[in-house]
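Novice: Return atomic coordinates for the entry below.
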Amino acid sequence: MPDKYLATETFVWQARAALVMARKNAMIYYLKAPVITFGVIFPLFFYLAFAAGHSGPVEAMVPGIISMALFFTASAVGPLVTPWERQAKTYERLVTSPASLSAILAGDVLAGAPFGIVLSLLPLAIGLSVAEVHLVSVLQLVLGLAFGAFAFSALGVLLSAPASDTPSQVMMLSNLVRLPIIFVSGVFLPLAQMPAWGRWLAPLSPLSYSADLVRGGFGEANYFLPAVDIAALTGFTVVFLWSAHLLHRRTRNRAL
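Specialist: Numbering: from 1, shown residues only. Got it, this is the predicted structure:
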């Protein structure tokens, strides 16, 4: 019985540590320029540049813009938190604190996911006000935003694993990973309208499943079953966090 209580107390303490880390990240890092540039402005103009050569209705663009805003915003700061910590010479103190590495990484994810959801509500509000779109399934939209935000935030934490104290280097790597993801995810075109090679690659992208749920929320046909979308996003989150923990532990050990 004492071991059980000790394990419970340890879990509660580490959960509190993760919340403290999330609060610290939100207060220090989430008002910096990369969040606005890479999280909101970049996906908006990127999508509009693509849509300029297409004659489709405006309302068809709304789910894609929302999905892109969520993807870029939730994963924008995660890759930069650790380099910023190394640059400020606080990384060593952080990883040697009583908070476990799992709590630190969980705090990074807990900071990025809600921030991505909040900022993705901006294109949602604009889309609902200027285009002829109607929410058909609020549940699918909420699930797409929530599960997608955690998966994308976990991806951002994974991308921060390289042992670098230069944010620009990590951001370059981050964009090399994130940009190809959006082209095979059904953001610009529904998956059913993509060529065969695109439909084969789409399941490898977590954005495919989040965008599928968001499109379903606006009444468009789902390419995957909603249960498959949720299971896939959950699986991506677990894999990203497990990989991030493994890689961060290696870089931490080398740093110490």
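Novice: where are the low-confidence patches of the stretch 101-250 of the chain?
Specialist: Where the stretch 101-250 of the chain drops to pLDDT under 70, the residues are 130-131, 163-165.
Novice: Which residue comes closest to L159 once chain neighbours are left out?
Specialist: Among residues not flanking L159 along the chain, P79 sits closest, at 4.0 Å (CB to CB, 6 or more residues apart in numbering). (Each C-beta comes from the backbone N, C-alpha and C, glycine too.)
Novice: averaged over its residues, what pLDDT does whichever strand or helix holds that neighbour have?
Specialist: Using DSSP states H and E, P79 sits in helix 78-87. Helix 78-87 carries an average pLDDT of 78.
Novice: all numbers from here: first residue = 635
Specialist: Happy to do that; since the first residue is 635 now, the last one works out to helix 712-721.
Novice: packing partners for the very next helix or strand once past it?
Specialist: Heading C-terminal from helix 712-721, the first helix or strand you meet, by DSSP H and E, is helix 725-729. Contacts defined by 3 or more CB pairs under 8 Å, 6 or more residues apart in numbering; DSSP states H and E place helix 725-729 against helix 712-721, helix 735-764, helix 860-889.
Novice: Mean neighbour count and distance to G782 added to those, as a markdown table?
Specialist: Output for these, formatted as a markdown table (neighbours: other CB atoms under 10 Å; distance: least, CB to CB, whole Å):
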| stretch | mean neighbour count | distance to G782 |
| --- | --- | --- |
| helix 712-721 | 24 | 14 |
| helix 735-764 | 20 | 8 |
| helix 860-889 | 17 | 6 |
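Novice: so which of the ones you listed comes closest to T800?
Specialist: helix 712-721 (6.3 Å; CB to CB).
Novice: Alpha carbons only: can I get the closest one in CSV?
Specialist: The C-alpha coordinates for helix 712-721 follow below in CSV (Å, rounded to 0.1, in the frame of the first residue of the first chain):
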residue,chain,number,x,y,z
GLY,A,712,7.6,23.7,-29.6
PRO,A,713,10.7,23.3,-31.8
LEU,A,714,12.1,26.6,-30.4
VAL,A,715,11.6,26.2,-26.7
THR,A,716,14.6,24.0,-26.1
PRO,A,717,17.0,26.0,-28.3
TRP,A,718,15.9,29.2,-26.5
GLU,A,719,16.5,27.5,-23.2
ARG,A,720,20.0,26.5,-24.3
GLN,A,721,20.7,29.9,-25.6
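Novice: Also compute the angle for that helix relative to helix 735-764, please.
Specialist: Helix 712-721 and helix 735-764 are oriented at 130 degrees to each other (axes from the mean of the first three to the mean of the last three CA atoms, to 10 degrees).
Novice: for the residue nearest to L793, what are its contacts?
Specialist: Applying CB atoms under 8 Å, 6 or more residues apart in numbering, we find P713 in contact with G790, V791, L793, S794, V804, M805, L807, S808.
Novice: Then G832?
Specialist: For G832, the contact set (CB under 8 Å, 6+ apart) comprises V818, L825.
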